[in-house]
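> Quick one, what's the 3D model for this:
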Amino acid sequence: MSSHNNLDTLYRQVIMDHYKNPRNRGELENETLHVNMNNPTCGDRIQLQLEVEDGLIKNASFIGEGCSISLSSASMMTDIVKGKSVEDALELSAIFSDMMLGKDYEEGKFDLGDIEALQGVTKFPARIKCATLAWKAMEKGIDENGQNE
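Modelled structure (predicted):
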């Protein structure tokens, strides 16, 4: 088996692990913002909740339903933004967006960890909206609640 096939298999395992054992699924007690978004194309729905204080994302969670890519991405996103500044979370979102569009991206100061497992989604353009749903929800929530100032 080629190393490319091994990597694809590993990535599928990471995605399925986040789908079957989602991190940060549930509701927050001290949310400062929440946003509902859906992908009408395939029926994915998510409610993202963030606890933001002094420009820092103290906690993040989501509830919703959807495909394995959508829910895995939400799990990964909420995991990576916890403890980050709003600015860093938005920078991560831009990096992820570039990744999903097949553009060159620079991790810079971030370890993308499990998020890199979603790179294969670029081969399936119809699924990119699934992968980016939670990220777009975060951007929308931050923007609408004036947290990006």
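
> measure the residue nearest to Leu10 when sequence neighbours are not counted to Asp8 for me?
The shortest distance from Leu10 to any non-neighbouring residue, by Cβ to Cβ, 6 or more residues apart in numbering, is to Ala117 (7.5 Å). Just so you know, the C-beta spots here come from the backbone N, C-alpha and C atoms, and that holds for glycine as well. Going from Ala117 to Asp8 by Cβ to Cβ, to the nearest Å gives 10 Å.

> low-confidence ranges in this structure?
1-4, 147-149 (pLDDT under 70).

> For the residue nearest the centre of it, give me its contacts.
Among the residues of the chain, the one closest to the centroid is Met77, at 3.1 Å (Cα atoms, centre = their mean). Met77 makes contact with 60, 96, 115, 134-135, 138, according to Cβ atoms under 8 Å, 6 or more residues apart in numbering.

> what about Ala117 and Asp8, which has more around it?
Ala117 (23 against 16; other Cβ atoms under 10 Å).

> how near is that one to Ala137?
20 Å.

> same question, Leu112
19 Å.

> Tell me which of those two has more neighbours.
Each of Leu112 and Ala137 has its neighbours counted (other Cβ under 10 Å); Ala137 has more, 24 against 17.

> List the buried residues of the helix or strand that one falls within.
Using DSSP states H and E, Ala137 falls within helix 128-144. By neighbour count on 16 or more other Cβ atoms under 10 Å, the buried set for helix 128-144 is 128-139, 141-142.

> ok, the residues you listed vs Gly26, which is closest?
Gly26 lies nearest to Ala134 out of those, by Cβ to Cβ, at 14.5 Å.

> if I pick the closest one, what's in contact with it?
46, 48, 62, 70, 73-74, 77-78.

> Can I get the buried residues of helix 128-144 in JSON lines including distance to Val121?
Output for these, formatted as JSON lines (distance: Cβ to Cβ, whole Å):
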{"residue": "Ile128", "distance to Val121": "6"}
{"residue": "Lys129", "distance to Val121": "10"}
{"residue": "Cys130", "distance to Val121": "8"}
{"residue": "Ala131", "distance to Val121": "5"}
{"residue": "Thr132", "distance to Val121": "9"}
{"residue": "Leu133", "distance to Val121": "12"}
{"residue": "Ala134", "distance to Val121": "13"}
{"residue": "Trp135", "distance to Val121": "12"}
{"residue": "Lys136", "distance to Val121": "14"}
{"residue": "Ala137", "distance to Val121": "17"}
{"residue": "Met138", "distance to Val121": "18"}
{"residue": "Glu139", "distance to Val121": "18"}
{"residue": "Gly141", "distance to Val121": "22"}
{"residue": "Ile142", "distance to Val121": "23"}
